[in-house]
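*Asks:* I would like to see how this sequence folds:
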Amino acid sequence: MTVLTTQVDQIDLKILSALQKNAALSNRAISELVGISPPSCLRRTKELKNSGFLTGAHASINGSLLNLDLIIYCDIMLENHTPADIMQFVQSINVLPYIRECYLVTGLFDFLLKIIVPNINAYTDFLTKSLIFKHNVLKVTSRMVVQTRKKEVGIPIESLLTI
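*Replies:* Below you'll find the model as predicted:
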């Protein structure tokens, strides 16, 4: 269990929320949004970063324009579940760029993968050449995203804000 060394207040949460929505905001813009002075905002932002609350800043890229917009979720079942087998599987998929996210999950399957590829032919090729024959993979099921109806980035910080 992680113990927080820094307490966050409502202003910190507002800073985190603003940055999560748009990491390119200037310090001045954030300070105006949350109602504090720019020096105070900068100090708080630095403290949030130093405390591990802010772990990076990323751009949102339109995959369709790069022909990388087919999203597939794969459930993976391993044959053996020793720590060494799990570690070997994770290491083998960490080098595959089409795999964007990997989660160890509960239930019938062991892992959930988010894969982004240009098209179904690329996925079939990836599946048969790179994924199915990985050490210790017993079963793979795939679900293709047909349409995205909601896509929120980050975590639900707004649920922590008091009005």
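*Asks:* chain center to stretch 142-152, what's the gap?
*Replies:* 15 Å (Cα atoms, centre = their mean, to the nearest Å).
*Asks:* show me the domain layout of this protein.
*Replies:* What automatic domain parsing lists as the domains of the chain is 10-59, 63-144.
*Asks:* out of those, flag the one nearest residue 157.
*Replies:* domain 10-59 (4.4 Å; Cβ to Cβ). In this view, the C-beta of every residue, glycine as well, is placed from N, C-alpha and C.
*Asks:* off-centre distance for the closest one?
*Replies:* 20 Å.
*Asks:* average pLDDT across it?
*Replies:* The pLDDT scores in domain 10-59 average 95.
*Asks:* first-to-last residue distance for it?
*Replies:* 26 Å (Cα to Cα, to the nearest Å).
*Asks:* could you pull out the helices for the protein?
*Replies:* Secondary structure of the chain (DSSP state H): helices located at 10-21, 27-34, 38-50, 83-94, 120-126.
*Asks:* so what's the residue count around residue 44?
*Replies:* 22 (other Cβ atoms under 10 Å).
*Asks:* hang on, the earlier thing: will you turn the helices of the chain into a markdown table that also has distance to residue 153?
*Replies:* Shown next, in a markdown table, are the helices of the chain (distance: least, Cβ to Cβ, whole Å):
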| stretch | distance to residue 153 |
| --- | --- |
| helix 10-21 | 6 |
| helix 27-34 | 17 |
| helix 38-50 | 17 |
| helix 83-94 | 23 |
| helix 120-126 | 24 |
